[in-house]
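Trainee: this is a predicted model, with the sequence first.
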Amino acid sequence: MQSSSRLSAFFRLLCTVTALGMIGYHFYYIVELPYEPSINAILHLGLAYSVLLLASLAKRCNALDLLCLLVAVAVTAYFFFDYETILEDPSYPPMTAFVAGIASAAVAFYLTWRVFGYIFPLIALIGIAYLWFGSHLPGALRAPSMDFERMVTLLASDVTSPWGLYGSLLILSANYLFLFIIFGTFLEAFGGLKFIMCIGNWAARYFRSGAASLSIFSSALLGSITGSTVANITVTGTFTIPLMKKTNYTAEQAAAIETAASCGGQILPPVMGATVFVMSGFTGIPYVNIVSASAVSALIYFGLLLVYAELNARKRNILPMKGEPVDVRTMMLSAPVFILPLALLLFLLFAGLSLMKTILYCILAVIVLGLLCNFFQRDSQKLHWDKVVDSTVSGTVSGCQIAVVLALIGVAVACVEVTGIGMRLGTFLVSLSMNSLFILLILTAFTAILLGIGLPSPAAYIICATILSPALVKMGVPLLMAHLFPLYYALFSHLTPPVGIGLMVACKMADSDYLKSAVEAMKAAFPSFFLPFIFIYAPGILLLGGDTMTNVLHIVGSILFFLAMAVTMNRWCIGKASLSVYLLAFASFLCSGGYLYLASHPMLMLMGGAALFVICVALNVIQTRQVKTA
């Protein structure tokens with residue numbers, strides 16, 4: 001027993017050293033650029049394998065993990081030192097590379113299954129089976145003929161290929177995603193997240209929605225950086241969910257608000273869960289264009305989420321929180337650690353500096369500012385270095401998990417690209433929609449929700465971008481909209497039944513009924529299910545309407561549409577909505593929706609919707625005052 005404990009402690013120490021060494025290596029690579037991206041990807045995946053396997057061995061030592069660790073180290077060393085030999089003849093690598101590719105793929109399958117379950121390995125296996133046996137299928141399903149040796153070379157052994165295990169998706173992880181996860185990790189470790197919590201506490205004292213506002217503000221800002229719904233709920237939900245229940249929100253509402261805010265963080269600029277950088281690399285659309293286009297819709301989403309929380313607070317007669325005052329000293333000292341690195345991120349990106357160096361400078365800024373502000377903190381608020389190290393290692397493990405799953409998805413994407421099945425699926429969806437854009441959008445939305453179930457955000461986006469976006473482009477949808485549309489549904493599959501992995505975690509914390517919580521989550525996050533359609537029919541919401549006036553009208557129409565819908569769904573405005581108020585709100589919802597979704601965009605419908613909503617609010621104010629004075 002004692003020897004087992006010592007062995008676990010040894011592997012834990014080795015995992016810590018390897019994780020910190022992995023971060024140090026990436027910093028060195030950015031500064032020196034000693035290798036080309038493919039070699040960096042090889043080392044990145046080898047380090048990711050090692051960190052995950054050492055973390056597993058630290059918990060429970062077993063022979064299979066130890067064997068996989070030895071294989072991972074050997075494979076990485078071989079590909080690194082023999083890279084030039086493989087490069088000279090990438091079509092026919094030596095037998096050693098053939099075996100090493102199979103071994104590396106086996107480790108990727110094993111670790112992905114251990115961390116994420118069977119979904120990813122199953123997707124990859126289906127892709128491999130189709131690539132190998134697809135030539136025997138009839139008609140449009142037929143794939144090019146490919147023997148086993150060529151298939152393994154393409155998917156795993158050729159480390160110079162843009163596809164497969166060591167392809168472009170792994171390079172994205174090595175160059176960008178891992179660094180952004182570390183950026184978020186250091187923000188948490190060096191106290192930057194204290195500022196988020198202080199802002200949330202401050203907001204909670206001035207809104208009737210109180211604790212819900214705290215949840216929304218904190219989860220929105222944190223989610224934009226972490227890019228993980230479950231991780232976000234785990235960090236913020238542990239105190240916001242009980243607090244919401246304590247202030248008289250139902251358990252189902254508490255779970256719904258926390259999940260909706262955590263999901264929404266990934267559509268909030270400037271970081272957008274780092275998925276924005278994957279999209280930029282995948283599509284070639286500049287980062288600045290994606291962020292500027294996404295800003296208004298994200299603000300509308302969170303504005304409506306606050307409206308949902310406020311309306312339900314009024315329904316349940318919840319008053320602003322009157323707890324302890326906000327610790328201004330802590331807020332002011334933690335503010336620079338959070339605000340300045342994000343400001344530096346935007347400044348450097350808009351100035352045209354490379355993304356890798358931008359992230360490095362932002363990470364260094366977090367460390368320097370964190371240490372400087374820590375000097376002035378009270379003893380109770382000072383950094384604890386063991387917690388800093390633990391948080392850093394935990395964040396590195398999360399980054400390694402994303403690296404491994406992206407490597408495996410690279411195998412599935414390679415199968416789609418080589419066989420051309422992605423284009424054929426796009427053609428099938430177009431034919432199934434009978435060349436109707438609206439039907440195609442509905443089919444795409446449902447498919448994206450199914451494809452996004454349980455997946456990390458970058459992985460969900462890549463799968464949707466590979467399979468669904470080409471069909472939208474084929475129907476004439478502009479490239480940016482064709483990629484944003486399925487992304488929204490894939491991300492918000494984390495709160496939709498039957499799985500809703502984020503909602504499941506929140507329900508456990510809130511001790512709430514899953515189906516009732518799902519209904520509340522759909523009510524809280526309802527803009528996310530309409531916004532993608534508005535992207536297509538009213539592109540002014542993405543600031544792509546063609547001129548300023550069109551952009552303004554589309555934004556105003558969208559806000560009016562969602563406000564009217566919020567009143568209709570919640571049966572509450574300033575006070576309880578009577579039947580007449582309800583019908584006026586519903587009529588306003590229909591008029592503004594008609595303005596957004598009808599191709600001609602008649603101004604009469606927008607003006608009618610606005611007039612109806614003003615009458616609705618005025619009538620509700622009058623009726624509410626009459627009830628109070630009665």
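Mentor: Noted; the coordinates are in hand.

Trainee: all contacts plus neighbour counts: C-alpha atoms, from now on.
Mentor: OK.

Trainee: right, and residue 232 touches residue 221 too?
Mentor: No. Contact criterion CA atoms under 8 Å: residue 232 and residue 221 do not qualify, at 9.9 Å.

Trainee: out of these two, which sits in the busier spot?
Mentor: Counted by other CA atoms under 10 Å, residue 232 and residue 221 do not tie: residue 232 has more neighbours, with 27 against 24.

Trainee: helices or strands up against the helix or strand harbouring residue 622?
Mentor: Assigned by DSSP states H and E, residue 622 belongs to helix 603-629. Here helix 603-629 touches helix 548-570, helix 579-597, going by 3 or more CA pairs under 8 Å, 6 or more residues apart in numbering; DSSP states H and E.

Trainee: let me know the angle separating that helix from helix 548-570.
Mentor: With axes from the mean of the first three to the mean of the last three CA atoms, to 10 degrees as the basis, helix 603-629 and helix 548-570 are set at 40 degrees to each other.

Trainee: quick one: mean pLDDT for helix 603-629?
Mentor: Over the span of helix 603-629, the pLDDT mean works out to 87.

Trainee: from the chain's centre, how far out does it sit?
Mentor: 38 Å (CA atoms, centre = their mean, to the nearest Å).

Trainee: tell me the angle it makes with helix 579-597.
Mentor: Using the same axes, to 10 degrees: helix 603-629 against helix 579-597 is 150 degrees.

Trainee: what does stretch 389-399 contact?
Mentor: For stretch 389-399, contacts defined as CA atoms under 8 Å, 6 or more residues apart in numbering pick out 16, 19-20, 23, 48, 51-52, 55, 177-178, 181-182, 185-186, 188-189.

Trainee: centre of the chain versus that stretch, how much separation?
Mentor: 18 Å.

Trainee: tell me which residues of it are tucked away?
Mentor: Buried positions in stretch 389-399, judged by neighbour count with 16 or more other CA atoms under 10 Å: 389, 391, 392, 393, 394, 395, 396, 397, 398, 399.

Trainee: what's the first helix or strand after the helix or strand hosting residue 78?
Mentor: According to DSSP H and E, residue 78 maps onto helix 63-81. The element immediately downstream of helix 63-81 (helix or strand, assigned by DSSP H and E) is helix 83-88.

Trainee: okay, the angle between the helix or strand following that next one and helix 63-81?
Mentor: Using DSSP H and E, the helix or strand that follows helix 83-88 in sequence is helix 95-116. Angle, helix 95-116 to helix 63-81, by the same axes, to 10 degrees: 130 degrees.

Trainee: tell me which residues of helix 95-116 come out buried.
Mentor: 97-113.

Trainee: other SSEs contacting it?
Mentor: Short answer (3+ CA pairs under 8 Å, 6+ apart): helix 95-116 packs on helix 37-59, helix 63-81, helix 119-133, helix 148-152, helix 385-419.

Trainee: export those helices as CSV, with columns for mean pLDDT and distance to residue 456.
Mentor: CSV is the format used below for those (pLDDT from 0 to 100; distance: least, CA to CA, whole Å):
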stretch, mean pLDDT, distance to residue 456
helix 37-59, 94, 16
helix 63-81, 94, 23
helix 119-133, 86, 11
helix 148-152, 85, 26
helix 385-419, 87, 8
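
Trainee: tabulate the ones you listed in CSV, adding columns for distance to residue 256.
Mentor: Below are those laid out as CSV (distance: least, CA to CA, whole Å):
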stretch, distance to residue 256
helix 37-59, 32
helix 63-81, 38
helix 119-133, 25
helix 148-152, 45
helix 385-419, 25
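
Trainee: out of the ones you listed, which comes closest to residue 279?
Mentor: helix 385-419 (13.9 Å; CA to CA).

Trainee: now do the closest one and helix 95-116, the angle between them.
Mentor: 120 degrees.

Trainee: following helix 385-419, which helix or strand comes up?
Mentor: helix 421-432.

Trainee: so how far is the helix or strand just after that following helix from its chain's centroid?
Mentor: Heading C-terminal from helix 421-432, the first helix or strand you meet, by DSSP H and E, is helix 437-451. Helix 437-451 sits 19 Å away from the centroid of its parent chain (CA atoms, centre = their mean).

Trainee: ok now the next helix or strand after helix 437-451, how far from the chain's centre?
Mentor: The C-terminal neighbour of helix 437-451 among helices and strands, as given by DSSP H and E, is helix 457-467. Distance, stretch centre to chain centre, for helix 457-467: 11 Å (CA atoms, centre = their mean).
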